[in-house]
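In: Next input, structure requested:
(one chain, ligands or ions: 2)
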Amino acid sequence: MSEIFQNIPVIPYEGPDSKNPFAFKYYDANKVVMGKTMKEHLPFAMAWWHNLGACGVDMFGSATIDKRFGAAELGTMECAKAKVDAGFEFMQKLGIEYFCWHDVDLVPEADDINETNRRLDEISDYILEKMQGTNIKCLWGTANMFGNPKFMNGAGSTNDVDVYCFAAAQVKKALDITVKLGGKGYVFWGGREGYETLLNTDVKFEQENIASLMHMAVDYGRSIGFTGDFYIEPKPKEPSTHQYDFDAATAIGFLRQYGLDKDFKMNIEANHATLAGHTFQHELRISAINGMLGSIDANQGNVMLGWDTDNFPSNLYDTTMAMYEVLKAGGVTGGFNFDAKNRRPSNTYEDMFYGFILGMDAFALGLIKAAALIEDGRLDDFVTDRYKKFDSDLGKKIRSGNTTLEELSNRACEMKSVDIPASGRQEYLESIINNVMFSKVEK
Ligand code: XUL
Ligand code: CO
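Out: Numbers count the residues shown, from 1 in each chain. Ligands and ions are numbered 1, 2, ... in the order given. Model (predicted):
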């Protein structure tokens with residue numbers, strides 16, 4: 001099989017002084033940071049759909065990027081296999097060890113689901129063959145239950161029992177393929193699991209049905225040997241006006257309400273966090289403190305546009321604070337999937353590599369800076385000190401649930417009045433971040 005990305009070499013690490021566009025400046029796979037190699041901290045993954053599928057189409061124009069990878073036509077099994085070849089060459093040149101997919105990214109969907117399933121069997125045999133002798137593994141799989149018109153009113157949340165069967169069938173097959181490829185996780189992203197208007201929607205009915213579909217997925221997955229995590233990927237809107245998995249807090253509440261919290265964790269996407277009016281860091285923190293930090297869809301939004309633009313991550317403040325949360329949480333159980341696509345005018349093979357080099361370096365430098373913030377210790381010390389009044393006997397009673405409203409009220413009445421608490425020192429803390437961010441990176 002001939003090389004697809006000709007003239008693009010295996011991408012080496014050359015360090016911060018390198019000007020070679022096809023070299024990492026910060027991502028040094030074997031460099032040890034806080035006791036683990038960068039590769040262990042950052043299990044990067046390639047998103048099949050964006051990298052091998054997205055052709056630069058937007059609401060105003062057709063494709064600008066040729067993703068046939070030498071096949072005669074898009075939408076054929078010949079092209080599906082060319083994508084596998086391209087994907088493996090791409091991952092090997094970048095040192096990426098994981099990939100993520102939707103069922104319909106892997107093969108063109110047929111009119112008859114039996115034929116789609118047959119195609120999935122064929123392509124997964126081919127992928128398995130390609131995996132032999134490499135370190136490349138499947139991070140997670142998922143079913144696309146939002147693109148086909150039958151899912152117009154949702155998949156698990158549909159009003160049509162026959163459509164619900166098709167959703168179940170797709171989840172079943174996607175789980176089969178995930179297990180066949182040794183996937184670590186299985187994702188539910190509910191783009192149509194929400195509503196356009198409450199005027200025609202029974203929210204409780206729909207949420208119960210989504211939970212039932214997830215329970216059946218867990219039962220089936222465990223029965224065929226899937227031991228990994230299921231993930232919900234929260235997103236507040238787009239394509240639906242309101243999506244039920246609005247943000248991590250909402251999704252965690254849903255999982256607990258329906259008894260799914262032992263099998264599920266969060267897959268946090270940076271651009272979804274900002275759509276929900278949160279920072280990426282916030283969503284990671286909420287997931288982590290609830291023991292549900294699973295995996296990450298690494299990208300960033302464009303604040304000027306405000307929709308899910310899926311840019312490659314470049315903002316070092318964001319990657320640093322994200323890695324700060326990840327380090328504090330002891331790492332992710334999943335990986336860092338670049339759910340990111342090239343801009344429409346970045347339409348060459350070289351741009352595909354530049355996107356990943358940008359993103360991998362942004363997270364590697366974020367990791368270095370997050371470790372430096374932790375080692376610096378000023379942030380941690382400040383936070384510990386900020387709550388120190390709770391070290392008192394009374395504070396300990398409150399923390400252990402051993403007091404009453406009456407006791408606390410009596411205490412307040414004895415004190416008569418209280419001074420305002422100490423300064424939050426936000427500006428000082430932000431200056432620490434800048435200080436650490438702009439200290440030199442050792443080579
Ligand atoms: C959509 C999105 C999806 C999920 C998988 O915004 O992020 O690609 O990651 O369905
Ligand atoms: Co995503």
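
In: The helix or strand containing Ile398: how far from the chain's middle?
Out: Per DSSP states H and E, Ile398 falls inside helix 393-399. Computed by C-alpha atoms, centre = their mean, to the nearest Å, the chain-centroid distance of helix 393-399 equals 38 Å.

In: which ones are touching whatever residue of the stretch 301-443 of the chain ends up closest to ligand 2?
Out: Proximity of the stretch 301-443 of the chain to ligand 2 (C-beta to the ion) peaks at Asp339, 3.7 Å away. In this view, the C-beta of every residue, glycine as well, is placed from N, C-alpha and C. Applying C-beta atoms under 8 Å, 6 or more residues apart in numbering, we find Asp339 in contact with 47, 50, 100, 269, 271, 297-299, 310.

In: between these, which is closest to Tyr354?
Out: His50 (14.1 Å; C-beta to C-beta).

In: Hmm, Thr309 and that closest one touching each other?
Out: No - taking contacts as C-beta atoms under 8 Å, His50 lies outside contact range of Thr309: 11.6 Å.

In: neighbour-wise, which of those two wins?
Out: Taking neighbours as other C-beta atoms under 10 Å, His50 and Thr309 compare with His50 leading, 21 against 17.

In: and Thr116, what is it in contact with?
Out: 103-104, 107, 109-110, 173.

In: would it count as being in a strand?
Out: No - using DSSP: H, G, I helix; E, B strand; the rest coil, the assignment for Thr116 is helix, not a strand.

In: Residue of the stretch 1-150 of the chain closest to ligand 1, please.
Out: Residue nearest to ligand 1 within the stretch 1-150 of the chain (C-beta to the nearest ligand atom): Thr142, separated by 5.0 Å.

In: Report the spatially nearest residue to that residue, omitting neighbours in sequence.
Out: Spatially, and ignoring its direct neighbours in sequence, Thr142 is nearest to Val187 (4.1 Å; C-beta to C-beta, 6 or more residues apart in numbering).

In: Could you list the low-confidence segments of this structure?
Out: Low-confidence regions of the chain, defined by pLDDT under 70, span residues 1, 443.

In: Contact residues of the stretch 1-150 of the chain facing ligand 1?
Out: Proximity of the stretch 1-150 of the chain to ligand 1, by C-beta under 6 Å from any ligand atom, involves residues 102, 142.

In: OK, now which residue of the stretch 1-150 of the chain is nearest to ligand 2?
Out: For the stretch 1-150 of the chain, C-beta to the ion, closest residue to ligand 2: Ala47, 7.5 Å.

In: any chance of the contacts of Thr116 in JSON lines, with secondary structure, neighbour count and distance to Glu14 too?
Out: Shown next, in JSON lines, are the contacts of Thr116 (DSSP: H, G, I helix; E, B strand; the rest coil; neighbours: other C-beta atoms under 10 Å; distance: C-beta to C-beta, whole Å):
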{"residue": "Asp103", "secondary structure": "helix", "neighbour count": "23", "distance to Glu14": "39"}
{"residue": "Val104", "secondary structure": "helix", "neighbour count": "20", "distance to Glu14": "38"}
{"residue": "Val107", "secondary structure": "coil", "neighbour count": "24", "distance to Glu14": "38"}
{"residue": "Glu109", "secondary structure": "coil", "neighbour count": "17", "distance to Glu14": "42"}
{"residue": "Ala110", "secondary structure": "coil", "neighbour count": "12", "distance to Glu14": "46"}
{"residue": "Lys173", "secondary structure": "helix", "neighbour count": "18", "distance to Glu14": "43"}
